[in-house]
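Chemist: give the three-dimensional model of this entry:
(one chain, ligands or ions: 2)
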Amino acid sequence: MNLREKYGIPANAVITIAGTVGVGKSTMTKALANALNFRTSFEKVDSNPYLDKFYDDFEKWSFHLQIYFLAERFKEQKRIFEYGGGFIQDRSIYEDTGIFAKMHEEKGTMSKIDYETYKNLFDAMVMTPYFPHPDLLIYLEGPIDDILERIEERGRPMEQQTPKDYWYEMNERYENWIDGFNACPVLRLDINDYDLMKNPDTVEVIVERISHFMEQTSHLRRK
Ligand SMILES: Nc1ncnc2c1ncn2[C@@H]1O[C@H](COP(=O)(O)OP(=O)(O)O)[C@@H](O)[C@H]1O
Ligand SMILES: Nc1ncnc2c1ncn2[C@H]1C[C@H](O)[C@@H](COP(=O)(O)O)O1
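Modeler: Numbering: from 1, shown residues only. Ligands and ions are numbered 1, 2, ... in the order given. I've put the predicted structure just below:
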């Protein structure tokens, strides 16, 4: 019996992993998909044609990048629901607008007109009764200094060259955003409560928590 069966997680569940850059979403996505025998939906970083340019010049490339991410995530969303679920998704579509686009608009590195155009498109595509929300959003959180260390260790040059204040501000925005998020049930996990790198078996504890949480919130989920 695999962990999904052992803990009664529905085979068609869609679980999305949210949290700031470097917190451990991809690592968690792989571990959970492996434990539950689910498919994965990853953000493509290396093949993103705008990301490097964006980090070089936020003002010039913010709009292009947001449109690119929106299209990519929407395609992934379609793929997930065409398979009938059974997916772990690395980052939710809600973070694009709730964190990134909003932050750049408020900092002045995305124009108000571009933001409005982007937001209208996002709302028309996503915030409709026809858009299926995930069954669960797992929010990863932890001390910002630990997260900065992880960004450093991972060593993506574009992120290394970005001032630390950018990551501090993003983390703060995440904490405020998650407190008001209500598109689907949220399970918050502290990154210091598990260590999937040193001890991969801790994934079972997380699966158990997911199972317990999904049982408690089953009345809130899509049928
Ligand atoms: N539990 C952990 N302990 C130590 N390092 C970790 C842990 N989880 C992830 N990492 C490391 O932190 C970095 C960022 O993790 P990643 O999963 O890529 O984050 P994200 O997808 O949220 O940006 C990677 O180098 C990864 O190996
Ligand atoms: N919507 C986004 N706008 C700007 N930058 C974004 C967006 N989504 C992801 N990113 C960036 C942040 C990181 O540099 C990479 C990958 O994110 P990660 O949290 O490491 O998976 O893309």
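
Chemist: got the residues of this structure near ligand 1?
Modeler: Proximity of the chain to ligand 1, by Cβ under 6 Å from any ligand atom, involves residues 19, 21-27, 150, 153-154, 195-197. No exception for glycine: its C-beta is placed from N, CA and C like everyone else's.

Chemist: mind putting those residues in CSV, secondary structure included?
Modeler: Shown next, in CSV, are the residues of the chain next to ligand 1 (DSSP: H, G, I helix; E, B strand; the rest coil):
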residue, secondary structure
Gly19, coil
Val21, coil
Gly22, coil
Val23, coil
Gly24, coil
Lys25, helix
Ser26, helix
Thr27, helix
Arg150, helix
Glu153, helix
Arg154, helix
Asp195, coil
Leu196, coil
Met197, coil
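
Chemist: only whichever of those are buried, select them in ChimeraX.
Modeler: Filtering those down to the buried ones (16 or more other Cβ atoms under 10 Å) takes a single ChimeraX command:
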select :19,21,22,23,24,25,26,27,196
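
Chemist: now, which of the residues of the chain next to ligand 1 sits nearest Gln216?
Modeler: Distance to Gln216, by Cβ to Cβ, is smallest for Gly19 among the residues of the chain next to ligand 1, at 21.5 Å.

Chemist: in this protein, which residue is most central in space?
Modeler: Note on the chain: the residue nearest the mean C-alpha position is Arg91, at 1.7 Å, using Cα atoms, centre = their mean.

Chemist: now that residue. Nearest residue, chain neighbours left out?
Modeler: Glu43 (5.2 Å; Cβ to Cβ, 6 or more residues apart in numbering).

Chemist: who's in contact with the residue in the chain positioned nearest to ligand 2?
Modeler: Nearest residue of the chain to ligand 2: Phe100, at 3.2 Å (Cβ to the nearest ligand atom). By Cβ atoms under 8 Å, 6 or more residues apart in numbering, the contact list for Phe100 reads Gln66, Phe69.

Chemist: quick check: it is in a helix.
Modeler: Yes - Phe100: assigned to a helix according to three-state DSSP.

Chemist: what's the local residue count around Ala35?
Modeler: Ala35: 22 surrounding residues under other Cβ atoms under 10 Å.

Chemist: to clarify, my last question referred to Ile191.
Modeler: Other residues close to Ile191 by other Cβ under 10 Å number 19.

Chemist: thought it was touching Tyr139?
Modeler: No - Ile191 is not in contact with Tyr139 according to Cβ atoms under 8 Å; the separation is 10.8 Å.

Chemist: just give me the longest helix of this protein.
Modeler: Taking DSSP state H as the criterion, the chain has its longest helix at helix 58-82.

Chemist: packing partners for it?
Modeler: Packing partners of helix 58-82 (3 or more Cβ pairs under 8 Å, 6 or more residues apart in numbering; DSSP states H and E): strand 39-41, helix 51-56, strand 87-90, helix 102-107, helix 112-125.
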